[in-house]
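Novice: Kindly generate the corresponding structure for this input.
(3 chains)
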Amino acid sequence: MSELFSAPWTRPDRAGEAAIEHLRKGQAHSPSNVFSSDLSVDEAILIGEAGYEPKGLVSGSSVFHIGYVTSWVGSAEVPELSAAMARAREIAIARLVEDGRRIGGNGVVGVQLDINMLGSHAHLAEFIAVGTAIAPRRSTRATHHPTPSFFTSNLSGKDFYLLSRAGYHPLGLVMGSCVYHVAYQSAGSWAKMQSKNMELANATEALYSARELAMTRMQSEAIVLGASGVVGVTTEEKSHVWGSHMIEFFALGTAIKLASSEHKRLGITASVPLEDQIVATDPSAITGRRRR
Amino acid sequence: MTANKLTEVGLPPDAMTRLGELEERQGKPALFTSDLSVNEFLLVKEAGFNPRGLVFGSSIYHIGLQGRNWAANKELDGLTQAMYTARELAMSRMEAEADVLGADGVVGVRLDINFYEWGKHSAEFIAIGTAVSAEESGSWRNNEGKPFTSDLSGQDFWTLVQAGYMPLGLVMGTCVYHVAHRGAASVLGQAGRNAELPNFTQALYEARELAMARMQAEAEKLQAEGIVGVKLVEKSHFWGSHVIEFLAVGTAVRPLRADHVIAQPQMTLSLDS
Amino acid sequence: MAIEQGRPWSSDLSAAELAILRESGFEPVGLVMGSSVYQLGVQSQMGASLSSSWRGYGPGNSPTGGAAYAVEYPCPHGYFAGGLDHYSGFNWERTDVEAGLTEAYYLARSRMEQEAKDNAAHGVVGVHLTLRPVGGMWHVLEFTMIGTAVRREGSAPLDAPFSSNLSVQDFAKLLVTGYVPADFVIGVGVVQASGGCGLEYQLRSWNDQDITQFSDAIQESRRQATRHLEHEGSRRGEGVIGVEMRFSSFELGERVRYIQTIAVGTSVLRFAEVPLPNPPLILMPLVDRDANEGLQ
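Specialist: Here you go, the predicted model:
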C-alpha cells in the first residue's frame, strides 16, 4: 500500500480533487459501451493488471424437465439421470457462452453454477450459470497470452491474474456427473452382519466407482480441450429432489493450459501480518460446546 | 449390482481407467487434476513439485454396536479397531492410486465420514488429496516405500519446504471410549457441592492420551523427527453422548537439511476488511 | 437530519476505514439514510385473470402490446392433433413492474442524497440496501438505504453527490487506480411467462428436456436487468462493478410464472489513466488457521 500511495501522481488525496471535478462535469456515456460486472474492486484491478477488461455480466439458464424416475430395483448408475444433469448444465453454459460472445468477450471468469428447484414442479429444475465476460484490453501494457478460443472458468479475478502471471491460461470449465441409485434390498444385505464390524465391500465398490466415473468424465472433458491440468476441483454429492437413495456425484474444475514456454515462478515473499492475534482462545472453548 | 471387482491393488477398475487416462501417451501430453485452489497449486509448484492427479480412497464400514458396561470407564476396542481400520483402508487405497500414478506423495489430504440414511450403523470413510511428484529426483517416499501423505494445505506445504522439512506421512490414532454413567448414590452425595468428578476427568484424560500415543507410535515407525499440525477431534457420531471417539491426526515430518532458516519475513499491516 | 458543523459525526466506519478515508483526503460527515415504501400498481392484472384468459390469443391480438421483449410460442402440433385445446404461449416483459421498482429505488436514493447534500457532503460510501415486502404483500415493498456521507475539504459541493455500495477500502483502491464511484444504480428485469399447449406437452412428457420457454424467460429477465443496469450506469459512468443480483420466481397460476431479477452495483468513472507502478507483491502470510477446521 505504501508503495502505491507514495508515487506522486497516485497520491489519493490529490486524486480526490480530480475525481470530484470529473464527477461535476457529469459526462454521460453511450449505454452500449458501458459494462457491468460482479467483480470486486480487487478483482477488477487484477484483471486489468493481467491485460484484460470486463465486458459485461453474463448468464445462461436452462429450465430442465427431469423425467419421472420409476422404482429402480438394482444398485447401479442411472445413466438417463446422469445424462440429463450433464445435458442441462451444458445447455446453461452454452447460453452463457453465447451471451458472452454477443457482447464481445473472449472468456468468462467467476462462473457460478447453481441449481434451483422451481416451485411446485418437482421435476422442473433451473440450472444457472452467471459470470463476468472479459476480453483483452485494446492498448494492453501487461504481457498476456492470447486466448485460443472462448473460455469459461470458475476462477476468481485474483486466481486468473496469478495463473496468467505464472504463464497459464484457463481453457474451460470441466465437469462430470454420475447419478447412482442405491437399492433398499442391497443396502439391507450390505448391512446384514449386524454384530460384526467389517467393511461392506459391495457398497464400498459401488460408491467408489460412482465417484471415479464422475471424475473420469470430468477428466475426459479436459483431455478433449487439450489441457495441461485441472485446478480447483470440487466434488459434491447431492440427492437433489430424488430422496436419499439417489445420489449425484458431481466433479467440477477449471482446465488450464501452460501458454508460455514454461512455468514462471512467482517469487513469493513470506510475510507476518500484524493482526490481532490476542484472541488466542476460541470463544466456544470458554462458553462450552454441546458434544453431539 | 456391478459385476466389477476390486483389482489386485484394491482399487475398482474404474479408478485404474481414470488414472490411466492421466498418463502421457503418444501424441497426448499428461494431464493433471487437483482439488488444490489456484493459490495452493502455484505454491506447490513454487515448492518444486508438480501436481499429478486427484487421488481418492473410500471404504464403507459396518460399525456394529459393542456391548458396554453401563457404569464402567472403558475403551471400546472393537469400535476403535473399526474406526481405525476403515480410515486406514481409505488411506491405503488413496496411496495405491498415487502409486499407480508413480507419484512421490499426496498433499492436502482430507478425511471425511459420510453417513447415509440407508446404511444403518455403517459409514463411508473417505480420503481425498492431490498426488504430486518432485521436479528433482530423489528419495521422496517414506521408509515403507510408500508415497508421503500430508493433510497440510498447499500454503503450509510451501512454508514447511521453505523451512527445510518434508512431510513423511499422515499419522493418526483413535480411541473410542465409553464414559461411565454416574450411580445415583454418587450424584446425590455430591448434590450442591462444587467438586471435580475424578472419574470423568480420568476417562477423558486416558482416552486422549491413548489416541495421541497411537499417533506418536505411527510417527516413530516412520522415523519422523516430529509431528506438525496435530488436530484432536472428539465426536460421538451416532453412539449417544457417553461413547466418544477421540481422533488425533497430524503430519509426521523429517528434516531436508541441517539448518532451518527461512528468508526474513516481511512485516505487513493490512487495512483491508 | 441536519448535522451541525463542529458536532461530532457518527459513522459505522472501523478504525482502519477511518484511517484510509483520511489518507484519501476525505472525511466522514455522518450516517445518512433514505427510505420509501412503495406499492406496485399491478395486483389486479397479476391475479387470476391472467392464468386463464390468455387462451385464445393468436398472433394477431397478442396481449404483449408495446413491451420491449415479447415472444409468442405457437402451438407446435398443428390444429388437427385432437384431444387437447391448442393455444399459444407468451413471454413478455412487465415494463410496468420494472418502472415501479426502479422508481421506488430512486425515491429512496434521492432522499439519502438529499441528506448528504444538506450536510455539504460530496458523496456516500458503503451504502447498504434493504429491500423487503411489507405486511406480507409481495407488491408492497420497502426500500431503505443507509451509508456514510463523506466530504472533501476545500472542494465545492456537487449538484449530485456520488453514491456507492463499495467499502472505504474499495473507494481508496479505485482512487489510486484512477477511478471514482459515480452512482449506486439498479437494473430490474421482470418477465412473465404464460405457457401454451406446447409447454403443457413438455411438462407431461417423460423425457428429460430443456423447457425452452421458461429458460428464455429467465435468460431474458437477467439480460434486461443487466441492460437496464448498464443504461442507468451510463448516466455518469463507464462501467458498473460489484454487481449483486437477486433473483425471484414464483407461480401466478398453472403454467404462468413471474420471473424477476434485481441487480444493483456501483457505476464508476475514470478520471485519470493510472497504471499500477509495479506488479503486486505476492505475500504468503505466516498465520495459523483454526486447527480443527474441516476435519470430522
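
Novice: Spell out the residue ranges of the helices in the stretch 1-150 of chain B.
Specialist: Assigned by DSSP state H, counting those that start in this stretch, the stretch 1-150 of chain B shows helices spanning B:13-22, B:38-46, B:77-100.

Novice: who touches the first one?
Specialist: Residues lying outside helix B:13-22 but in contact with it, judged by C-beta atoms under 8 Å, 6 or more residues apart in numbering or on different chains, are A:208-209, A:212-213, A:215-216, A:219-220, A:223, B:4-5, B:7, B:30-33, B:52-53, B:56, B:97, B:100-101. Bear in mind the C-beta positions are built from the backbone N, C-alpha and C, glycine included.

Novice: Repeat that for the second one.
Specialist: Residues from elsewhere that reach helix B:38-46 (C-beta under 8 Å, 6+ apart): A:155, A:158-159, A:162-163, A:166, A:231-232, A:263, A:265-266, A:268, B:34, B:36, B:50-51, B:107-108, B:130, B:132, B:153-155, B:157-158, C:284.

Novice: sorry, back to before: give me the buried subset of the contacts of helix B:13-22.
Specialist: Buried members of those, counted by 16 or more other C-beta atoms under 10 Å in any protein chain shown: A:208-209, A:212-213, A:215-216, A:219, A:223, B:31-33, B:52-53, B:56, B:97, B:100-101.

Novice: From those residues, which land in strands?
Specialist: If you go by DSSP state E, these have B:32-33, B:52-53, B:56 in strands.

Novice: follow-up on the earlier one: narrow the contacts of helix B:38-46 to those in strands?
Specialist: In strands, defined here by DSSP E, the members of the contacts of helix B:38-46 are A:231-232, B:50-51, B:107-108, B:130, B:132, C:284.

Novice: Sort out which one of those residues lies nearest A:V130 for me.
Specialist: Among the ones in strands among the contacts of helix B:38-46, A:G232 lies closest to A:V130 (C-beta to C-beta), at 17.4 Å.

Novice: ok, back up a step: by neighbour count, which of the ones in strands among the contacts of helix B:38-46 wins?
Specialist: B:V132 (31 neighbours; other C-beta atoms under 10 Å in any protein chain shown).

Novice: and that one, what does it touch?
Specialist: B:44, B:49-52, B:103-107.

Novice: Dig out what it forms beta bridges with.
Specialist: Legend: beta-bridge partners of B:V132 under DSSP bridges are B:P51, B:G105.

Novice: any low-confidence regions in the chain?
Specialist: Assuming you mean chain A. When residues are selected by pLDDT under 70, those of chain A lie in A:1-13, A:67-73, A:119-122, A:139-148, A:184-195, A:275-292.

Novice: I was after chain B.
Specialist: The model of chain B has pLDDT under 70 over residues B:1-9, B:65-66, B:68, B:183-190, B:273.

Novice: which one's the longest helix in chain C?
Specialist: Longest helix in chain C by number of residues (criterion: DSSP state H): helix C:95-118.

Novice: buried ones in that one?
Specialist: Along helix C:95-118, these residues count as buried under the neighbour rule (16+ other C-beta under 10 Å): C:95, C:97-98, C:100-102, C:104-109, C:111-113, C:115-117.

Novice: mind listing what whichever helix or strand comes after that helix pairs with, with the direction of each?
Specialist: Downstream of helix C:95-118, the next assigned helix or strand under DSSP states H and E is strand C:123-134. Strand C:123-134 pairs in its sheet with strand C:137-151 (antiparallel), strand C:162-163 (parallel), by DSSP bridges.

Novice: Using a markdown table, lay out these together with mean neighbour count.
Specialist: As requested, those are exported to a markdown table (neighbours: other C-beta atoms under 10 Å in any protein chain shown):
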| stretch | mean neighbour count |
| --- | --- |
| strand C:137-151 | 20 |
| strand C:162-163 | 28 |
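
Novice: Among those, which comes closest to A:E53?
Specialist: strand C:162-163 (22.0 Å).

Novice: neighbouring contacts of that closest one?
Specialist: Strand C:162-163 is touched from outside by A:23, C:109, C:112-113, C:116, C:122-124, C:127, C:147, C:180-184, C:266, with contacts defined as C-beta under 8 Å, 6+ apart.

Novice: List the contacts of B:L111.
Specialist: Neighbours of B:L111 in contact, by C-beta under 8 Å, 6+ apart: B:87, B:90-91, B:125-127, B:151, B:249, C:295-296.

Novice: looking at the sheet around it, what are its partners?
Specialist: Under DSSP bridges, the beta-bridge partners of B:L111 are B:A127.

Novice: sorry, back to before: switch the ones in strands among the contacts of helix B:38-46 over to TSV; also include distance to B:D77.
Specialist: Shown next, in TSV, are the ones in strands among the contacts of helix B:38-46 (distance: C-beta to C-beta, whole Å):
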residue	distance to B:D77
A:V231	43
A:G232	41
B:N50	42
B:P51	39
B:V107	33
B:G108	32
B:T130	34
B:V132	36
C:M284	44
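
Novice: Regarding the residue in the stretch 101-250 of chain C positioned nearest to chain B, which helix or strand does it belong to?
Specialist: At 5.3 Å from chain B, C:Q169 is the closest residue in the stretch 101-250 of chain C, using C-beta to the nearest C-beta. Remark: C:Q169 resides in helix C:168-176, with elements defined by DSSP H and E.

Novice: That helix: what's the following helix or strand?
Specialist: Where DSSP H and E defines the elements, the next helix or strand beyond helix C:168-176 is strand C:179-194.

Novice: Quick one: residues contacting the residue nearest to C:E17 when sequence neighbours are not counted.
Specialist: Excluding the flanking residues, the one nearest C:E17 by C-beta to C-beta, 6 or more residues apart in numbering or on different chains is C:V168, at 4.0 Å. Listed by C-beta under 8 Å, 6+ apart, the contact partners of C:V168 are C:13, C:17-18, C:20-21, C:125-126, C:148.

Novice: Could you tell me which residues of the stretch 51-200 of chain C lie near chain B?
Specialist: C:167, C:169 (C-beta under 8 Å from any C-beta of the partner chain).
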